[in-house]
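**Student:** need a structure here:
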Amino acid sequence: MNTTFFWRGFFVLLVVLCPAQAWADGKITHFSGEVSVQKADGTILPGAAGVKVLESDTLITGGKGYARLEMSDGGEMVLRPNSQLKIETYRFNSGKPAEDTSVFNMLKGGLRTVTGLIGKRGNKDAYELKTNSATVGIRGTQFDMRVCQADCGSLADGTYLAVRFGAVRTGNAQGSVDVAAGQVALVQQSKPPVMLPRDPGIGFTPPAVIPKLDEKKKVQAAAAEEAKTEKGKAAENSKEKSSKSSSENGDKKESDDKKGGSDDKKESGDKKNADDKKDSKASDGKNATDKSDSGDSKEKGGADTVKKSAPDTGEKTGSATNKSGDASPGSTAAPAPAPAPQATHVVECSVQ
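**Tutor:** Numbering: from 1, shown residues only. Presented below is the predicted three-dimensional model:
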């Protein structure tokens, strides 16, 4: 058996059996009332949360039906009652922006949409929304659309666009206009598009079971912000703990340094006191020696002094005695004081 022929046949069979499954286009996330999906072969499937809406499928809402559709590129749509939206072409590969393509056809009714990545990267003309009277290109936006075909009461037939955020470009063979946020345009068949002074009332209010557009993104953004805040708090707590630990280590080191310094100071003081005592003791010993030497010297010096001064003292004393002995009987002079033992000793020395 030819292996090449086998694998070629296998892939052809795969494409035939699963033509639409090759592209994950969109799915219904929420719905209310009567909602269905018409397949390319005409088969009708009941709408439900999680049902996929693929290329060539048409999403349909009944008289009181609403459907919320989320595309793989992040775009979101909410269909109003009595609407039909066909996905004619849809190609989105996150890794190949140049291959982005999406073509939607609003066959009937209206919608509110927030566009996704297609048209915001790679080819800016990759996004296209068609009606029976207009073609809409986007540059990243949110807008309401309503297609009137003798079913909008007093409103003239045509395609109405009310831009909420961003901007769109709409037109037909007769011309085109750029519509900015807060502006409303009308495009009719065989007529150039015109700007309207105000919104004629093409908006609508879905029931509470249908989340608002971008609600999911807002929730995700809030969760991401909360996670970022928690991460920041954790980092701050970690930083505070680290700072506190460093501070405690610094205080401990400073305390140890102070303690060590105190011990060193105390030891130095004790050593100094011991040295002072030692010096004092040595000084006392020296003083004692000096005193002993001084006493001996004084005693020796005194004896020498007595011996040296004895002759002078003897002469003076003898002279004084002679004078006293020569005094006249009538003299009133006081008697001479008794000689001190030293004088007696001196006199004896003088006599000798």
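
**Student:** neighbours around the nearest residue to Gly182 once chain neighbours are set aside, how many?
**Tutor:** Once flanking residues are discounted, Gly182 sits nearest to Val163: 7.0 Å by CB to CB, 6 or more residues apart in numbering. All C-beta atoms are positioned from the backbone trio N, CA, C, and that covers glycine. Applying other CB atoms under 10 Å, we find 22 residues neighbouring Val163.

**Student:** which residues does Val163 contact?
**Tutor:** Thr141, Gln142, Phe143, Val179, Ala180, Ala181, Gly182, Gln183, Val184 (CB atoms under 8 Å, 6 or more residues apart in numbering).

**Student:** which of those tops the neighbour count?
**Tutor:** Busiest of the contacts of Val163 [other CB under 10 Å] is Phe143, holding 26 neighbours.

**Student:** Was I right to think that one contacts Tyr160?
**Tutor:** No. Counting by CB atoms under 8 Å, Phe143 does not reach Tyr160; the two are 10.2 Å apart.

**Student:** Distance of the spatially closest residue to Asn82 that is not a sequence neighbour relative to Tyr160?
**Tutor:** Leaving out its chain neighbours, the residue that sits closest to Asn82 by CB to CB, 6+ apart is Gly109, at 5.0 Å. Distance check for Gly109 against Tyr160: by CB to CB, to the nearest Å, it reads 12 Å.

**Student:** With Gly203 instead?
**Tutor:** From Gly203 to Tyr160 the distance is 10 Å (CB to CB).

**Student:** any shared contact partners between those two?
**Tutor:** Asp144.

**Student:** Can you pick out the residue with more neighbours from the two?
**Tutor:** Each of Gly203 and Tyr160 has its neighbours counted (other CB under 10 Å); Tyr160 has more, 26 against 14.

**Student:** now the helix or strand where that one lies: mean pLDDT?
**Tutor:** Counting by DSSP states H and E, the element that carries Tyr160 is strand 158-172. Regarding strand 158-172, the rounded mean pLDDT is 95.

**Student:** again, but for stretch 226-246
**Tutor:** 78.

**Student:** Output that stretch as CSV - backbone C-alpha positions only.
**Tutor:** In CSV, the C-alpha atoms belonging to stretch 226-246 read as follows (Å, rounded to 0.1, in the frame of the first residue of the first chain):
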residue,chain,number,x,y,z
GLU,A,226,-6.0,42.6,43.5
ALA,A,227,-3.3,40.0,42.9
LYS,A,228,-0.9,42.8,42.1
THR,A,229,-1.8,44.6,45.3
GLU,A,230,-1.5,41.4,47.4
LYS,A,231,1.9,40.8,45.8
GLY,A,232,2.9,44.3,46.6
LYS,A,233,1.7,43.9,50.2
ALA,A,234,3.6,40.6,50.5
ALA,A,235,6.8,42.3,49.2
GLU,A,236,6.3,45.2,51.6
ASN,A,237,5.8,42.9,54.5
SER,A,238,8.9,40.9,53.5
LYS,A,239,10.8,44.2,53.3
GLU,A,240,9.6,45.3,56.7
LYS,A,241,10.5,41.9,58.2
SER,A,242,14.0,42.2,56.6
SER,A,243,14.4,45.7,57.8
LYS,A,244,13.2,44.8,61.3
SER,A,245,15.6,41.8,61.4
SER,A,246,18.5,44.0,60.3
